[in-house]
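Peer 1: With the sequence up front, the predicted model follows.
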Amino acid sequence: MIMVHTGEVEWEVAHHALVRLAAARAAHEHALGAALLRARRAEVWRALGMATFFEYAERVVGLAPRQTEERLRVAMALEGLPRASAALAEGRVHFTAVRELTRVLAPETEAEWLAAAAGKSVAEIEKLVCGRRVGDRPGDAARPEARRHTIVLEVSAETFAVYREAQGKMRQEGHTEEEGLLLMSRSVLGGPSDPGRSSYQIHVTRCDACGRATQDARGRAVDVEPAIAEMSECDAQRVDDAGKATQDIPPATRRLVIRRQHGACAVPGCRGAVFTDVHHLRPRYEGGTHDADNLVVLCAVHHAALHRGAIVIEGAWSTGLRFTHADGSAYGSPARPRAAAMLSDVHQALTGMGFKDREARTMVAALGPHMGAAGEMGLEAAIRRALATWRERRACGR
């Protein structure tokens with residue numbers, strides 16, 4: 001027998017084999033995410049008579065609902081991120097790394113983030129993106145309110161089974177796992193039997209000087225984003241220094257508004273009626289009143305989306321309400337999905353800078369026609385243009 005010496009020892013052979021497999025796995029994840037997104041948009045599970053897309057993905061691909069949810073999120077983000085998409089498709093970056101990076105990547109910052117993440121482990125990348133939002137750069141200061149938190153629990157079989165059933169119901173209603181957990185938690189904490197009582201029995205503290213908002217979390221003050229602080233202002237009880245609680249919306253008015261909508265969210269097509277908030281169509285700081293005509297019931301998810309600028313509601317209850325996406329298209333199917341997402345990010349950035357919600361909406365509305373179908377302007381340039389438009393309007397006294 002003739003032995004051929006290749007010059008490679010066993011550990012080198014094993015290492016090179018793993019490197020090749022890692023690249024192939026990354027390319028596979030890229031293709032899998034794109035295929036899942038295509039199947040979701042085509043509503044394949046309905047044609048096959050399955051209950052949800054998550055059931056379909058579990059049966060066909062073997063993915064748990066959480067795994068499917070993450071791959072869909074990443075695939076949607078990569079549609080507007082050509083460099084990150086190519087890096088994953090070519091096997092230069094692992095899926096786990098791209099999964100974390102897509103939480104912060106924007107078209108104009110992805111090259112910087114990919115360079116900053118090069119050679120780092122997933123744990124290091126998690127630390128790198130912690131406290132950053134879409135559009136932030138690697139060198140920007142971390143924001144406490146943008147930090148992600150981890151919940152790890154060990155529970156009994158009975159608790160696990162009931163939780164799985166509850167999450168399954170939430171997914172059927174179109175909620176992610178995080179949204180479902182939030183709704184269940186709020187139902188326990190603040191779901192009053194009296195519809196006249198404010199939803200917010202949680203404690204949110206807002207500093208009048210700096211605008212920083214925190215929410216009490218079992219002995220800890222956790223920073224929350226401005227949109228959540230504004231959301232709590234809509235339907236809250238206020239506690240003064242003496243401990244006396246007063247409710248903004250009169251109980252009789254709140255009961256009227258809840259009964260008028262049968263407790264259901266006003267957004268077309270939404271089935272949310274388990275735990276809802278009352279929202280002021282015209283904010284209090286702009287002269288809006290607690291009159292029932294200025295109030296509307298929203299589910300927690302749509303209420304948060306509105307304050308983040310992802311959706312817009314115009315009008316009054318008596319004259320009719322108009323629901324649109326951030327790009328101005330009718331709610332349900334944004335005409336310019338990428339532009340709509342970008343305009344929502346601009347809204348969040350502006351409110352984070354201290355602008356009131358209505359001021360941010362005015363700037364976003366003026367910016368919308370200049371975004372183009374793909375929203376190719378970029379977040380930083382869009383924010384600059386919005387600020388320039390605002391300064392021009394102020395100079396003209398409008």
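Peer 2: Nice, thanks for sending it over. Numbering: from 1, shown residues only.
Peer 1: Next up, the contacts around Val257.
Peer 2: Taking Cβ atoms under 8 Å, 6 or more residues apart in numbering, we find Val257 in contact with Val278, Ala292, Leu295, Val296, Val297. Where you see a C-beta, it was placed from the backbone N, CA and C, and this is true even at glycine.
Peer 1: That one belongs to a helix?
Peer 2: Yes: Val257: assigned to a helix according to DSSP: H, G, I helix; E, B strand; the rest coil.
Peer 1: Check what pLDDT it gets.
Peer 2: Model confidence at Val257, expressed as pLDDT, equals 89.
Peer 1: nearest residue to it other than its sequence neighbours?
Peer 2: The shortest distance from Val257 to any non-neighbouring residue, by Cβ to Cβ, 6 or more residues apart in numbering, is to Leu295 (4.7 Å).
Peer 1: ok, that neighbour - contacts?
Peer 2: Ile249, Thr253, Arg254, Val257, Val278, His279, His280, Leu281, Trp317.
Peer 1: Please apply the same query to Gly368.
Peer 2: By Cβ under 8 Å, 6+ apart, the contact list for Gly368 reads Ala326, Asp327, Gly328, Ala339, Leu343.
Peer 1: repeat that with 7 Å
Peer 2: Neighbour list for Gly368: Asp327, Gly328, Leu343 [criterion: Cβ atoms under 7 Å, 6 or more residues apart in numbering].
Peer 1: show me what contacts the second one?
Peer 2: This points to Gly328. Counted by Cβ under 7 Å, 6+ apart, Gly328 has contacts Gly368.
Peer 1: To which secondary structure element type does it belong?
Peer 2: Strictly by three-state DSSP, Gly328 counts as coil.
Peer 1: picking that back up, in CSV, list the contacts of Leu295 along with distance to Ala42 and secondary structure.
Peer 2: Listed next are the contacts of Leu295 as CSV, based on distance: Cβ to Cβ, whole Å; DSSP: H, G, I helix; E, B strand; the rest coil:
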residue, distance to Ala42, secondary structure
Ile249, 43, coil
Thr253, 45, helix
Arg254, 42, helix
Val257, 39, helix
Val278, 38, strand
His279, 34, strand
His280, 39, strand
Leu281, 36, coil
Trp317, 37, coil
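Peer 1: So which of those sits lowest on pLDDT?
Peer 2: Of all the contacts of Leu295, Ile249 carries the smallest pLDDT score, 82.
Peer 1: in the stretch 201-350 of the chain, which spans are helices?
Peer 2: Along the stretch 201-350 of the chain, the stretches classed as helices by DSSP state H, counting those that start in this stretch are 226-234, 251-260, 300-307, 337-352.
Peer 1: How far does the third one sit from its chain's centre?
Peer 2: A distance of 10 Å separates the C-alpha centroid of helix 300-307 from that of its chain, computed with Cα atoms, centre = their mean, to the nearest Å.
Peer 1: Return the angle between stretch directions for it and helix 337-352.
Peer 2: 80 degrees (axes from the mean of the first three to the mean of the last three Cα atoms, to 10 degrees).
Peer 1: Which strands or helices does helix 300-307 pack on?
Peer 2: helix 177-190, helix 226-234, strand 276-280, strand 311-316 (3 or more Cβ pairs under 7 Å, 6 or more residues apart in numbering; DSSP states H and E).
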